[in-house]
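# Sequence and predicted structure, then a few things I'm wondering about:
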Amino acid sequence: MTLLFVSTLMLLFPLVEAARPVVINTWPFKNAAAVAWDTLQSGGSVLDAVEKGCALCEVEQCGGSVGYGGSPDETGETTLDAMIMNGDTMEVGAVANLRRIKNAIGVARAVMERTEQTMLVGESATMFAENMGFIAEDLTTTKSMNIFSQWLKGNCQPNYRKNVVPDSSKSCGPYKPSATLKQSNRTQHANPNSHDTIGIIALDQDGHVAAGTSTNGLTHKVPGRVGDSPIIGAGAYADSSAGAAAATGDGDVMMRFLPSYLAVELMRAGADPSTACETAISRIKRHYPQFFGAIICANTTGHYGAACNKVPALSQFHYMVSTSEMDTPLLKSVDCF
Ligand code: GLY
């Protein structure tokens, strides 16, 4: 009798809310959202969903800032950053400054599943990828070459150097240190009209959580530059006992605050996803009021939210959400603050 009473109570008032599957991604990258959700719906794992969504963006060159042919660095080369995190095992695979391989998220997953390491970088990451069967090819396109040529014609302006002087009469490098150090007044992303990282969070009905990112970084970056996207806790973070988050924006600034880790820890402590996202943005804003960036968050029950910093280039942030209640991924937006 007592057992029947307790069972009835638990049915009426479940103590733990069941997970509602959800896939969320940064920016209005609809095809990536659809493929990630379809992957989950057709029996794929949350890691498969994250990988397939990011991989499609790498092929489609989402926003020009994911995949090959975008964000040429000071030498005109496109390099890629990506990561994937398993929220059950806390395993991560990441690649940074990856050269000549288009499928960065695939290589990140191979780092996670085929090595005991967490992150591989540069030429060595390329060598690893080739050994794992990925094809090396030139990531340059006519578009990226044009961006680079225009920049050269404009005396290599803008760029991300500070406290240096060109070694020759030309404004371009090589550079040498200037005699004095001045405070930087960096206020915004060099290319605020461009979209940025694809970050995907996936949660399935059994409470498995994963997150991942992929980007080609920042146009005219200093060669060797790595952004926030492959940095664990900065670009993304997932913990199946708390939730997941993924960030997008000015990675050089954002990675200093580990916003994805912070948001997940706030959700663990009971914050709802929107509040967790807002707090992560506020933490950065306090030091960099004009930074360009946004974050998406989801907790273990499938509730989600997003937040962004209000700057002239970003007053509203758009992101995609897929749940069982929707026929197709839904475009959502949040007002920046
Ligand atoms: N958030 C992308 C980057 O800064 O590289």
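Received it, and whenever you're ready, just let me know what you need.
# can you list the residues of the stretch 51-200 of the chain near the ligand?
When proximity is defined as Cβ under 6 Å from any ligand atom, the stretch 51-200 of the chain approaches the ligand at Asp196, Thr197. Using the backbone N, CA and C atoms, a C-beta is placed for each residue, glycine as well.
# ok, how many other residues are close to the closest residue to the ligand within the stretch 51-200 of the chain?
At 4.3 Å from the ligand, Thr197 is the closest residue in the stretch 51-200 of the chain, using Cβ to the nearest ligand atom. A count of nearby residues for Thr197, using other Cβ atoms under 10 Å, gives 34.
# Now for it: which residues touch it?
26, 65-66, 213-215, 227-229, 235, 246-249, 251 (Cβ atoms under 8 Å, 6 or more residues apart in numbering).
# Just the ones of those in strands?
Taking DSSP state E, the ones among the contacts of Thr197 that sit in strands are Thr26, Thr213, Ser214, Thr215, Ala246, Ala247, Thr248, Gly249.
# if we can go back for a sec, quick check on the residue of the stretch 51-200 of the chain closest to the ligand: phi, psi?
Dihedral pair for Thr197: phi -60, psi 140, per degrees, to the nearest 10.
# for the protein, what spans make up the strands?
22-26, 79-86, 91-99, 119-121, 164-166, 175-177, 198-203, 209-215, 236-239, 243-249, 293-299, 304-308, 316-323, 330-335.
# Generate a markdown table for those strands, with mean neighbour count, distance to Met112 and mean pLDDT as supplementary columns.
Converted to a markdown table, those look like this (neighbours: other Cβ atoms under 10 Å; distance: least, Cβ to Cβ, whole Å; pLDDT from 0 to 100):
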| stretch | mean neighbour count | distance to Met112 | mean pLDDT |
| --- | --- | --- | --- |
| strand 22-26 | 30 | 19 | 98 |
| strand 79-86 | 30 | 6 | 98 |
| strand 91-99 | 25 | 3 | 98 |
| strand 119-121 | 21 | 10 | 98 |
| strand 164-166 | 13 | 37 | 92 |
| strand 175-177 | 12 | 37 | 94 |
| strand 198-203 | 33 | 15 | 98 |
| strand 209-215 | 33 | 10 | 98 |
| strand 236-239 | 30 | 12 | 98 |
| strand 243-249 | 33 | 16 | 98 |
| strand 293-299 | 31 | 21 | 98 |
| strand 304-308 | 26 | 24 | 98 |
| strand 316-323 | 21 | 24 | 98 |
| strand 330-335 | 14 | 29 | 98 |
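# Can you sort out which of the ones in strands among the contacts of Thr197 also neighbour the ligand?
Applying Cβ under 6 Å from any ligand atom to these, those adjacent to the ligand are Thr215, Thr248, Gly249.
# and the last one, bridged to which residues?
Taking DSSP bridges, one finds Gly293 as the beta-bridge partners of Gly249.
# Quick check, Pro273 in contact with Ile295.
No: under the criterion of Cβ atoms under 8 Å, Pro273 makes no contact with Ile295, lying 9.9 Å away.
# Overlap in contacts, the two.
Residues touching both Pro273 and Ile295 by Cβ under 8 Å, 6+ apart: Ala263.
# can you tell me the residue of the stretch 101-250 of the chain closest to the ligand?
Across the stretch 101-250 of the chain, no residue is closer to the ligand than Gly227, which sits at 2.2 Å (Cβ to the nearest ligand atom).
# which residue sits closest to that residue in space, ignoring its chain neighbours?
For Gly227, ignoring the flanking residues on the chain, the nearest one in space by Cβ to Cβ, 6 or more residues apart in numbering is Gly251 at 3.0 Å.
# burial of that neighbour, as a residue count?
So Gly251, with other Cβ under 10 Å, has 29 neighbours.
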